[in-house]
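# Sharing a sequence plus its predicted fold:
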Amino acid sequence: VQLVESGGGLVQAGGSLTLSCVVSGLSFDGYSVGWFRQAPGREREGVACIRNRDGVTNYTDSVKGRFTISSDDAKKTVYLQMNNLKPEDTAVYYCAADIAHPVLLVKFPDKFDYWGRGTTVTVSS
């Protein structure tokens, strides 16, 4: 199983970034794919997740209305569109996959079975 993230970078507060995650080695429709983040000295935090077979999504409260998760089955890719970024969004963002429901995975991101190496997002004030 491989999950390869891209799209991180440095952006000013209020700006936007789109993260991409290409998934291989598992049945795309059989899994939920999401993003969690970890900032230095802080615990892992679930950000967003989508169940690919029916498009059910879930978000942590702090990103609702700003972030949108989507998936492209043909490309086996999951996207995280991040708008109105804030300095507190600064973290390493990891793409991850599991068969569980998106609500569970955002609340308990340690449950993800597979994850990538991460991509760094830095938001300057």
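Noted; the coordinates are in hand. These figures come from a predicted structure and were not determined experimentally.
# where do the strands sit along this structure?
Counting by DSSP state E, one finds strands in the chain at the ranges 2-6, 9-12, 17-24, 32-38, 45-51, 56-59, 67-72, 77-82, 91-98, 114-115, 119-124.
# buried ones in the third one?
Okay, so that is strand 17-24. Buried positions in strand 17-24, judged by neighbour count with 16 or more other Cβ atoms under 10 Å: 17, 19, 20, 21, 22, 23. Where C-beta positions appear, they are placed from N, C-alpha and C, glycine not excepted.
# Check the burial of residue 95 by counting its neighbours.
Around residue 95 there are 27 other residues, counting by other Cβ atoms under 10 Å.
# and it, what is it in contact with?
3, 4, 5, 19, 21, 23, 33, 34, 35, 78, 115, 116 (Cβ atoms under 8 Å, 6 or more residues apart in numbering).
# Looking at those, which two lie furthest apart in space?
Among these, the pair separated by the greatest distance (Cβ to Cβ) is 4 and 34, at 15.1 Å.
# so the residue nearest to the spatial centre of the chain bridges to which residues?
Residue closest to the average C-alpha location in the chain (Cα atoms, centre = their mean): residue 35, at 2.1 Å. Beta-bridge partners recorded for residue 35 (DSSP bridges): residue 48, residue 95.
# What's the per-residue pLDDT of it here?
Residue 35 is assigned a pLDDT of 98 by the prediction.
# That one reaches residue 97, doesn't it?
No: the criterion here is Cβ atoms under 8 Å, and residue 35 misses it with residue 97 at 10.7 Å.
# that older thread, deepest-packed of the strands of the chain, please.
Greatest average neighbour count among the strands of the chain goes to strand 32-38 (a mean of 26), per mean count of other Cβ atoms under 10 Å.
# Just the residues contacting it, thanks.
3, 19, 21, 23, 44-52, 69, 71, 78, 80, 89, 91-102, 105-106, 109, 112, 115, 121.
# low-confidence ranges in the chain?
Low-confidence segments of the chain, defined by pLDDT under 70, are absent.
# Can you give me the distance of the closest residue to residue 16 other than its chain neighbours to residue 53?
If the residues on either side of it in the chain are set aside, residue 16 comes closest to residue 83, at 4.8 Å by Cβ to Cβ, 6 or more residues apart in numbering. Distance, residue 83 to residue 53, by Cβ to Cβ, to the nearest Å: 27 Å.
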